[in-house]
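*Asks:* below are the sequence and a predicted model; questions follow.
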Amino acid sequence: MEAESLASQMFISWAPMSVYWLIWFIIPGAAAAYYAYQDGVKRMPLAMGVHPGWWALFCFISGAWGLLAYWVMHHSSLVKVNSGE
């Protein structure tokens, strides 16, 4: 009886935290990674020859900060415009 109570308490205490991590870190990281990859494929070749897959991984791990770094490297006014565009 006590083991069942302990298991249910652990589930109740860990379930909300799991949902929190899913909502605030994994889903935005996946969205940032998807955007960076899709945009990187369209803009090939990227700055410093970094493959879009690496940018996607970086954005997945770092979330909004990674997406900000991607934007600064490829879309901001700091980017040198290629003669081919």
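*Replies:* Ah, there it is.

*Asks:* quick one: the helices in the chain, in order.
*Replies:* For the chain, the helices defined by DSSP state H occupy 2-21, 27-42, 52-62, 64-74.

*Asks:* and these, which is most packed in?
*Replies:* Counting by mean count of other CB atoms under 10 Å, helix 52-62 has the highest mean neighbour count of these, with a mean of 19. The C-beta positions use only the backbone N, C-alpha and C, and glycine is treated the same way.

*Asks:* follow-up on the earlier one: to residue 80, which of the helices of the chain lies closest?
*Replies:* Residue 80 sits nearest to helix 64-74 of all the helices of the chain, at 11.0 Å, using CB to CB.

*Asks:* what average pLDDT does the closest one get?
*Replies:* Per-residue pLDDT over helix 64-74 has a mean of 91.

*Asks:* can you check stretch 39-53 too?
*Replies:* Over the span of stretch 39-53, the pLDDT mean works out to 90.
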